[in-house]
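What shape does this take:
(one chain, ligands or ions: 1)
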Amino acid sequence: MAILPILSYPDPRLRTIAEPVKTVDAEIKQLIEDMIETMYDAKGIGLAATQVDRHIQLIVMDLSENNDNPRVFINPKVTPLVEDKKPYEEGCLSVPDVYDSVERPTRVKIEALDGEGKPFVEEAEGLLAVCIQHEMDHLNGVLFVDYLSRLKQTRARDKVKKYLKVRERQMQQNKA
Ligand code: NI
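Numbers count the residues shown, from 1 in each chain. As a prediction, this is how the structure comes out:
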């Protein structure tokens with residue numbers, strides 16, 4: 001297993017449209033394991049392949065309290081089941097230190113393949129509905145900050161830059 005580097009906003013590679021996965025082979029399974037490890041290491045609850053610079057339709061997620069229930073969504077299709085939208089405070093491993101409210105449909109249908117390549121259909125609400133829509137956006141090159149005002153986007157960019165600078169300094173100190 002390996003921890004993969006996560007792209008940060010506003011890296012243009014985060015705008016890449018992901019291609020469908022053709023076969024769930026050993027290489028994909030390795031990537032799934034690495035992405036799950038990367039997600040846990042970064043203390044995230046979801047990660048799209050786009051964020052680790054792999055432009056295929058693959059999402060990992062773990063919404064459990066004890067990080068013991070990793071889920072995999074391959075070639076996912078997400079359809080809203082209601083028009084009703086609700087705001088939820090979102091964050092993103094690619095936009096560290098930034099949190100803001102985004103409105104999304106509250107119930108969706110998910111059609112996808114699991115980590116073994118087996119198809120499944122599921123109806124989702126609550127956090128799963130929010131999270132799968134957030135991760136789907138990544139596969140389409142969209143970030144949650146895109147829904148915010150220009151001013152907030154500029155602030156987010158500054159905040160991420162600052163965060164990365166501090167982190168780099170810490171890493172250099174750790175090495176010294
Ligand atoms: Ni995200």
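
Buried residues in the longest helix seen in the chain, which are they?
As assigned by DSSP state H, the longest helix anywhere in the chain is helix 150-175. Judged by neighbour count using 16 or more other C-beta atoms under 10 Å, the buried positions of helix 150-175 are 153, 156-157, 159-160. In short, each C-beta sits where N, CA and C put it, glycine included.

And those residues, which is closest to residue 68?
For these, the minimum distance to residue 68 (C-beta to C-beta) is 30.1 Å, reached by residue 160.

Could you report the distance from the spatially most central residue of the chain to residue 169?
In the chain, the centroid-proximal residue (C-alpha atoms, centre = their mean) is residue 47; its distance is 3.4 Å. Distance, residue 47 to residue 169, by C-beta to C-beta, to the nearest Å: 25 Å.

now the helices for the protein?
Going by DSSP H, the chain shows helices at 26-41, 126-139, 150-175.

what's the distance between residue 85 and residue 64?
Counting by C-beta to C-beta - residue 85 and residue 64 are separated by 26 Å.

Just the C-alphas of stretch 144-155, formatted as PDB.
Provided in PDB are the C-alpha atoms of stretch 144-155 (Å, rounded to 0.1, in the frame of the first residue of the first chain):
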ATOM      1  CA  PHE A 144     -17.500  22.300  -4.200                       C
ATOM      2  CA  VAL A 145     -16.000  25.800  -4.200                       C
ATOM      3  CA  ASP A 146     -17.300  26.300  -7.800                       C
ATOM      4  CA  TYR A 147     -20.700  26.700  -6.200                       C
ATOM      5  CA  LEU A 148     -19.500  29.600  -4.000                       C
ATOM      6  CA  SER A 149     -19.300  33.300  -4.800                       C
ATOM      7  CA  ARG A 150     -16.200  34.700  -6.600                       C
ATOM      8  CA  LEU A 151     -15.100  36.400  -3.400                       C
ATOM      9  CA  LYS A 152     -15.300  33.100  -1.500                       C
ATOM     10  CA  GLN A 153     -13.400  31.300  -4.300                       C
ATOM     11  CA  THR A 154     -10.600  33.900  -4.100                       C
ATOM     12  CA  ARG A 155     -10.500  33.500  -0.300                       C
END
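
Distance from the chain centre to that stretch, please.
Stretch 144-155 has its C-alpha centroid displaced from the chain centroid by 18 Å (C-alpha atoms, centre = their mean, to the nearest Å).

Contacts made by that stretch with the rest, please.
9, 90-92, 95, 98, 100, 102-103, 134, 137, 156 (C-beta atoms under 8 Å, 6 or more residues apart in numbering).
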